[in-house]
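In: sharing a sequence plus its predicted fold:
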Amino acid sequence: MRKFALWMWLIGSLGATVHSQERAPQLLLHAAQCLEAKQFLPPSKATKLTFGYFLDGKSYSPDRVIYLVKYAAPVRSNGLIFAIFLTEHDGRQSFNIQNNASFVLSENEPIGVSFVTAPLGGTWTQEHLASAIKQIEKQPRFMVGVEKLSAVDASISCEAYTDPK
C-alpha cells in the first residue's frame, strides 16, 4: 500500500511540474509576444521556446521592469536577456523593450555572466542584467508554443528603443 501511495504521489508531482512548465504566466507571455512583434527573437524552427523571467519593482521605482530570458534550448545556460519596462496607459499595459544582450553563464567571470553581445550602457547595466539572470536561474523555466507569440494580445501595447522616433 505504501508503494502505491508513493507511486501516486510521484506521478502527481511530475504531472504538476510538467503542467507548470507549460503554462507561462500572462506577464511573461505578453512580454514574449512584444519581443516577437518587434522582431527581437531570432528565427527558429522550434515549436516551443524556453523562457524565464524576473519582475523588478525596486531598481527603477516607481517603474517596474521585467527581465526576460529566452534560452537557446530548454536545458542550456545561454540565451538572450531583455529589459522591458512596464507601464499603464488608459487601462492598457505597455511593454517597452529598452535593452537586450546575448549571454553565457560563466564561472570565470567576476559577475558570473559573460556577454556575447554587450547590452547598451556600461558596467552598471551589465552588472544589473547579470544580477537579473542569476535571479531568473533560481526560478522555473517556461515553455511557450511559438503559435502563442504570433499575435499580440489586444489588451497590451508594445514599444522598443528601435522604434522610429
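Out: Received it, and whenever you're ready, just let me know what you need.

In: switch to C-alpha atoms for all contacts and neighbour counts from now on
Out: Fine.

In: now do the helices in this structure.
Out: Taking DSSP state H as the test, the helices found in the chain are 2-22, 26-37, 123-137.

In: excluding residues flanking it in the chain, which one is nearest the residue nearest the centre of the chain?
Out: By C-alpha atoms, centre = their mean, the chain has its centre lying nearest to Leu68, at 2.4 Å. Once flanking residues are discounted, Leu68 sits nearest to Tyr53: 4.4 Å by C-alpha to C-alpha, 6 or more residues apart in numbering.

In: and the pLDDT at that neighbour?
Out: pLDDT, Tyr53: 96.

In: so how far is Val65 from it?
Out: Taking C-alpha to C-alpha, to the nearest Å as the measure, Tyr53 falls 10 Å from Val65.

In: need the CA coordinates for the longest strand seen in the chain. CSV is fine.
Out: For the chain, the longest strand by residue count, based on DSSP state E, is strand 92-105. Coordinates of each C-alpha in strand 92-105 appear next as CSV, following Å, rounded to 0.1, in the frame of the first residue of the first chain:
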residue,chain,number,x,y,z
ARG,A,92,-3.7,49.2,-21.1
GLN,A,93,-0.4,47.7,-20.1
SER,A,94,2.6,48.9,-22.1
PHE,A,95,5.7,46.8,-22.6
ASN,A,96,8.7,49.0,-23.6
ILE,A,97,11.8,47.0,-24.7
GLN,A,98,14.8,49.0,-23.5
ASN,A,99,17.8,46.7,-23.6
ASN,A,100,18.9,43.3,-24.7
ALA,A,101,22.1,41.2,-24.8
SER,A,102,23.3,37.7,-25.6
PHE,A,103,24.9,35.9,-22.7
VAL,A,104,26.5,32.7,-21.4
LEU,A,105,26.7,31.8,-17.7
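
In: got a list of what the residue nearest to the centre of the chain touches?
Out: When contacts are counted by C-alpha atoms under 8 Å, 6 or more residues apart in numbering, Leu68 touches Leu28, Ala31, Phe51, Gly52, Tyr53, Phe54, Ile81, Phe82, Ala83, Ile84.

In: still on that earlier bit, where among the helices of the chain is the average confidence lowest?
Out: Among these, helix 2-22 scores lowest, at a mean of 40.

In: can I assume Lys70 is in contact with Ile81?
Out: Yes - contact criterion C-alpha atoms under 8 Å: Lys70 and Ile81 qualify, at 6.5 Å.

In: using a markdown table, lay out the contacts of Leu68 together with distance to Gly145 and neighbour count.
Out: Shown next, in a markdown table, are those (distance: C-alpha to C-alpha, whole Å; neighbours: other C-alpha atoms under 10 Å):
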| residue | distance to Gly145 | neighbour count |
| --- | --- | --- |
| Leu28 | 13 | 21 |
| Ala31 | 14 | 29 |
| Phe51 | 11 | 26 |
| Gly52 | 14 | 22 |
| Tyr53 | 16 | 26 |
| Phe54 | 20 | 20 |
| Ile81 | 19 | 25 |
| Phe82 | 19 | 26 |
| Ala83 | 22 | 26 |
| Ile84 | 21 | 25 |
